[in-house]
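In: Here's a sequence, model it:
(2 chains)
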Protein chains: 2
Amino acid sequence: MKKDVAIVGVGQSPFYRKCGMGARELCFMGFQEALKDSNLKPEQIDASIVCSAAEYDKQRSPASVIADYLGITPAPSFNLETLCASSSTGVRVAYSLIKSGLHDIVAVIGFQKMSEITSHEAAERMGRGGDIQWESPFGVTMPGYFGMVASAHMAEYGTTPEQLARIRVKSSIYGESNEKAVYRKRINVEQVLNSEIVTSPLKVFDCCANADGAAVVIMANAEKARKITDKPIWVLGLGGSTRGTALASRLNFTSVAVSREAAQAAYEMAGIGPEEIDVAEVHDCFTIAEIVAYEDCGFAKPGEGARLIDEKQTYLGGRIPVNLDGGLLSKGHPVGATGASQVGTITRQLRGECGKTQVEEAKIGLIHNLGGPGFYNYVTILGRD
Amino acid sequence: MKKDVAIVGVGQSPFYRKCGMGARELCFMGFQEALKDSNLKPEQIDASIVCSAAEYDKQRSPASVIADYLGITPAPSFNLETLCASSSTGVRVAYSLIKSGLHDIVAVIGFQKMSEITSHEAAERMGRGGDIQWESPFGVTMPGYFGMVASAHMAEYGTTPEQLARIRVKSSIYGESNEKAVYRKRINVEQVLNSEIVTSPLKVFDCCANADGAAVVIMANAEKARKITDKPIWVLGLGGSTRGTALASRLNFTSVAVSREAAQAAYEMAGIGPEEIDVAEVHDCFTIAEIVAYEDCGFAKPGEGARLIDEKQTYLGGRIPVNLDGGLLSKGHPVGATGASQVGTITRQLRGECGKTQVEEAKIGLIHNLGGPGFYNYVTILGRD
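Out: Alright, predicted model coming up:
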């Protein structure tokens, strides 16, 4: 098992539907928790990576403002972005900065402050994450993209609206226990099915919500990690993939190519297969996205993802528990913070700190983090000693 | 001398004041030249880093669109940004991706398409690279920041408008030979002094121009580099620094802290001092910035930068020739492309390919690339076999 680079601290602000704080204050909350978690001081951080998607708030190039506010200058910092996968990409790049010997301890700071603009404005900006020459001008939005995926999956495999709704029900059960989640109320299948249509067949409760929030991951080389913590969580596998945005070039809509490719690369690097994953966080920006992620990560065969939820195999106690923090559907989705939040959850699971959502004897965990409807995916596999 | 990671190919589009092409076409031009330079095929690139500053054109998250257009998917790609220093930061991160063993051959693709918005709109966006809570709302722009630096340098050290003008004259002499530069006409001191005031004491000809353009750097590990080229250019030193944006927290305006810190870190990594640099590219976004860069890089003592230009020590044949491609003042400054363009020039200098601007026997070169008026600096030191 690789033990070169470890996660030594994680922290997260609460995620808010709309809060009065700006990006720097949100990052401060996440960073303070990560410092406390690792028992580190700001001056021990020797580089930082600030991960967020552009144009949701006014601050361009936030790295310098945020690094300054957190007291981690003049260590080098920069902005990194792959839309919703930004902070998982940050984890990959932090690994390389450490493994290459350039830095010993690196903070990955993911955030998004989305409530300064209206949700219509946010949808327009999200659209411009897609191809602005051939696609976004024609009006496709993120729910539109995933509505097509849901329709295709239903047509090809017979997946039903009830099965999608079951994903949201599971999310609500675990979201109830997550004090930092936006939505913490249990809902049932009927409530999901009766909620308003957003993009057929997706309804309001099939969709995650824009949010304000920050999450921080502190990583270190093996020598430092051993000194910092008794429970280093090792980076075992990293996989990344990027593909063009055009829907016209997609061969099918029932699977996401970048997700399969990133998962495969991460498994290869870790030298394991999907059957060895004890707990996972997948990018459930829409209910259908979680079902497709089961298949793309190899937890289920193509077309059989919905069976996993029917059989409650992705519940606590099931074969492969997924999104035990409530996922994006309950937590909310502050784009740049999402990956680091997922990594935080898996880190705590592998340390055995998750209380009533703890997977017993969890040794290896996986994070699947999608950018846009298939532009980027970065998969991370973590393991405990 | 470190020989772990090398530059094996460089390419650049022409830089335009305004062109009819979009970002992807500009990147294609730079990439094709870099492929030809390295004799590589797109499928040999196993990761890419797309470097640009946000909000100059409509495309958010350009990495996936551009990687797709260049034919280098599904290799992982991501966006990286430190304002005007973005692609030098890209070179640092590419080094780490390669040195860590994650990738063998990485393309750093810097670009900016600035002409889709008016120069007033561009100035507003540039301002929002600074602190949007405490600073940019009060109207400070990039010429404003550097006007303060020029005023302080004049007050403290007696630097004169004529000395600033001499920087622009040198730029015009070498810009004349650069077929890809926006401005290729020789100008004299009087023309600079008589040009319209932008922000006292800076005049139009003291300022670089916004531009459209792209530049590409392809890097590889030692084993691959030896196979790809007979003239690998090795990464000897890398230094980076980040500082908060607030003018109020600056102790002085005659020097740029991040530049001194980044240069020092790069010298330390390379195990050399400024006296061993044979040729340099520094970030001359304004004439005063070049004089301050001489001092911050250690080519002159504090306050003695202007003497270097008076004595023509930074001309070809002088002690330390600087910006022999005309620099930003002649080339134009397509923000994200600038660092990769500087790296391209030093790479060609070290290979001995620069014709009438060639520094004889150039063995070691330095690139100084500033982000904003002191938010980021990334310094790169390169050497030939």
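
In: Closest to the centroid, which residue in chain A?
Out: residue A:339 (3.2 Å; CA atoms, centre = their mean).

In: I figured it was touching residue A:85, is that so?
Out: Yes: with contact defined as CB atoms under 8 Å, residue A:339 and residue A:85 form a contacting pair (5.9 Å). Every residue, glycine included, has its C-beta placed from N, CA and C.

In: one step back: let me see the contact set for the residue nearest to the centre of chain A.
Out: Residue A:339 makes contacts with A:51, A:84-91, A:110, A:215, A:367, A:369, A:378, as judged by CB atoms under 8 Å, 6 or more residues apart in numbering or on different chains.

In: That one - that's part of a helix, no?
Out: Yes: counting by DSSP: H, G, I helix; E, B strand; the rest coil, one finds residue A:339 located in a helix.

In: Roughly how far does it sit from chain B?
Out: Going from residue A:339 to chain B by CB to the nearest CB, to the nearest Å gives 12 Å.

In: wait, isn't residue A:112 in contact with residue A:53?
Out: Yes: the criterion here is CB under 8 Å, and residue A:112 meets it with residue A:53 at 6.6 Å.

In: Can you show me the strands along the stretch 51-200 of chain A?
Out: For the stretch 51-200 of chain A, applying DSSP state E, counting those that start in this stretch gives strands covering A:77-81, A:105-113, A:197-199.

In: Include mean neighbour count, mean pLDDT and distance to residue B:240 when you put those into JSON lines, please.
Out: Shown next, in JSON lines, are the strands of the stretch 51-200 of chain A (neighbours: other CB atoms under 10 Å in any protein chain shown; pLDDT from 0 to 100; distance: least, CB to CB, whole Å):
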{"stretch": "strand A:77-81", "mean neighbour count": "29", "mean pLDDT": "98", "distance to residue B:240": "8"}
{"stretch": "strand A:105-113", "mean neighbour count": "31", "mean pLDDT": "98", "distance to residue B:240": "12"}
{"stretch": "strand A:197-199", "mean neighbour count": "17", "mean pLDDT": "96", "distance to residue B:240": "43"}
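
In: Include distance to residue A:314 when you put the ones you listed into a markdown table, please.
Out: As requested, these are exported to a markdown table (distance: least, CB to CB, whole Å):
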| stretch | distance to residue A:314 |
| --- | --- |
| strand A:77-81 | 30 |
| strand A:105-113 | 24 |
| strand A:197-199 | 24 |
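
In: how about those, which one is nearest residue B:187?
Out: Smallest distance to residue B:187 across these (CB to CB): 35.6 Å, for strand A:77-81.

In: same for that closest one, what does it pack against?
Out: Secondary-structure packing of strand A:77-81 (3 or more CB pairs under 8 Å, 6 or more residues apart in numbering or on different chains; DSSP states H and E): strand A:47-51, helix A:62-70, helix A:86-99, strand B:77-81, strand B:233-242.

In: nearest to residue A:384, of these?
Out: Proximity to residue A:384, assessed across these by CB to CB, is greatest for helix A:86-99 (16.5 Å).

In: quick one: the lowest-mean-pLDDT helix or strand in chain A near chain B?
Out: Least confident helix or strand of chain A, by mean pLDDT, DSSP states H and E, is helix A:119-127 with a mean of 89. Yes: if you take CB under 8 Å from any CB of the partner chain as the test, helix A:119-127 does meet chain B, through residue A:125.

In: list the buried ones in that helix?
Out: The neighbour-count check on helix A:119-127 (16 or more other CB atoms under 10 Å in any protein chain shown) flags A:122-123, A:125-127 as buried.

In: got the angle for that helix vs strand A:105-113?
Out: If you take axes from the mean of the first three to the mean of the last three CA atoms, to 10 degrees, helix A:119-127 sits at 130 degrees to strand A:105-113.

In: which stretches of chain A form helices?
Out: A:23-38, A:62-70, A:86-99, A:119-127, A:142-157, A:161-175, A:189-194, A:222-228, A:257-270, A:287-296, A:305-310, A:327-331, A:338-351 (DSSP state H).

In: With only the CA atoms kept, save the first one in CSV.
Out: Output in CSV follows, covering the C-alpha atoms of helix A:23-38 (Å, rounded to 0.1, in the frame of the first residue of the first chain):
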residue,chain,number,x,y,z
ALA,A,23,-15.8,33.7,0.6
ARG,A,24,-13.0,34.6,2.9
GLU,A,25,-15.0,34.1,6.1
LEU,A,26,-16.4,30.8,4.9
CYS,A,27,-12.8,29.6,4.1
PHE,A,28,-11.7,30.8,7.5
MET,A,29,-14.3,28.6,9.2
GLY,A,30,-13.2,25.5,7.2
PHE,A,31,-9.6,26.3,7.7
GLN,A,32,-9.8,26.8,11.5
GLU,A,33,-11.5,23.4,11.8
ALA,A,34,-8.8,21.8,9.7
LEU,A,35,-6.1,23.4,11.8
LYS,A,36,-7.7,22.2,15.0
ASP,A,37,-8.1,18.7,13.4
SER,A,38,-4.4,18.5,12.6
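
In: how much does that helix deviate in direction from strand A:47-51?
Out: Here helix A:23-38 points in a direction 130 degrees away from that of strand A:47-51 (the same axes, to 10 degrees).

In: which residues are contacting helix A:23-38?
Out: Outside helix A:23-38, the residues touching it (CB under 8 Å, 6+ apart) are A:8-14, A:19, A:21, A:41-42, A:50, A:52, A:57, A:59, A:62, A:65-66, A:69-70, A:107, A:109, A:111-113, A:212-218, A:228-229, A:337, A:340, B:133.

In: now with 7 Å?
Out: When contacts are defined by CB atoms under 7 Å, 6 or more residues apart in numbering or on different chains, helix A:23-38 is touched by residues A:8-13, A:42, A:57, A:59, A:62, A:65-66, A:69-70, A:109, A:111, A:113, A:212-216, A:218, A:228-229.

In: Enumerate the residues of the stretch 251-385 of chain A near chain B.
Out: By CB under 7 Å from any CB of the partner chain, the residues of the stretch 251-385 of chain A that approach chain B are A:257-258, A:261, A:375-376.

In: tell me the two of those residues that are most distant?
Out: Every pair of these checked by CB to CB; the farthest is A:261 and A:375, at 12.4 Å.

In: what about the two, which has more around it?
Out: Using other CB atoms under 10 Å in any protein chain shown, the more surrounded residue of residue A:261 and residue A:375 is residue A:375, with 29 against 22.

In: Surely that one is in contact with residue A:240?
Out: No: here residue A:375 does not reach residue A:240: they are 11.6 Å apart, not a contact under CB atoms under 7 Å.

In: Right, I'll leave it there.
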